[in-house]
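Chemist: Sequence plus the predicted model coming up.
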Amino acid sequence: MHLKYKLMKFIEIIDKPMAMIDKQIKEYEESQRQEKKKKIVQYFSECKHPQWLTVEMIWNDRWMNVSVSMKSIQEVIDFKISTVKSDLDTLSKLTEFPFEAIEIYKNTLDLNKSIAEGHRLSEMQKRKAEQERIKVEQEKVRAEQERIQQEQEKAKTEEKARLVASVTKEEIIESAEEYREATNVGGVHMAKELSKQWVSFQAFLSVKDARELKEFFENRKIDFRRI
């Protein structure tokens with residue numbers, strides 16, 4: 001029991017300074033990482049890069065490892081900035097939607113995705129243009145159909161007017177004479193009648209003629225009687 005107690009006291013005496021040493025080591029390593037990060041940020045800020053590009057966009061946590069040298073990190077930063085500039089140059093030469101493609105690139109740093117987005121927008125614009133073209137063509141067809149219909153109606157109206165105008169003066173006079181004759185019965189002008197009157201006449205008729213005459217009187221609602 002006495003030996004065990006001594007052993008515990010010995011471990012306690014050793015653990016305390018070891019814990020302090022471990023803490024100091026960790027603090028030193030953290031200060032070294034912070035110093036390294038500061039140097040990386042400083043180096044990036046001194047490089048010529050697009051204004052919108054930040055060090056966080058290209059950051060790699062592996063850079064904080066002690067085994068990764070500042071020289072290698074600087075080379076990576078130089079390469080990434082050079083790649084970004086080259087990609088932007090490629091996107092700016094797109095024939096359609098270069099601005100939109102570059103905006104996508106600013107958020108992703110993915111050249112292929114940015115080009116694909118430019119193509120997608122281009123195809124969308126083409127489909128929209130095609131739909132508008134079809135709509136215009138349909139409007140033209142509708143307008144042409146309305147024009148043809150109006151011309152047909154105009155032609156019908158003109159034909160009616162032509163037929164009316166083709167009636168000669170002699171035909172008008174002849175029609176008027178026939179009307180006067182039709183409205184005179186027994187020397188009485190029916191058009192000037194104020195009321196109906198009985199007209200007596202005899203006719204030499206067959207049975208068939210008599211039936212047809214009777215039917216005519218009835219259809220015209222003409223009263224008749226024997227004399």
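Modeler: Nice, I can see it.

Chemist: Which parts of this structure are strands?
Modeler: 184-185, 188-189 (DSSP state E).

Chemist: got the contact list for the closest residue to Ile73 other than its chain neighbours?
Modeler: Nearest residue to Ile73, sequence neighbours excluded (CB to CB, 6 or more residues apart in numbering): Trp63, at 5.0 Å. Every C-beta, even on glycine, is put in place using the N, C-alpha and C of the backbone. Shown in contact with Trp63 (CB atoms under 8 Å, 6 or more residues apart in numbering): 36-37, 40, 73, 76.

Chemist: What residues sit buried inside stretch 49-63?
Modeler: Buried residues in stretch 49-63, counted by 16 or more other CB atoms under 10 Å: 49, 53, 55, 58-59, 63.

Chemist: out of these, who's nearest Ile222?
Modeler: Leu53 (110.4 Å; CB to CB).

Chemist: Ramachandran coordinates for the closest one?
Modeler: Main-chain torsions, Leu53, degrees, to the nearest 10: phi -80, psi 130.

Chemist: Where does the prediction get shaky in this structure?
Modeler: 1-25, 161-197, 199-202, 224-227 (pLDDT under 70).

Chemist: all helices for it, in order.
Modeler: 2-46, 55-58, 70-92, 98-108, 111-165, 169-182, 207-219 (DSSP state H).
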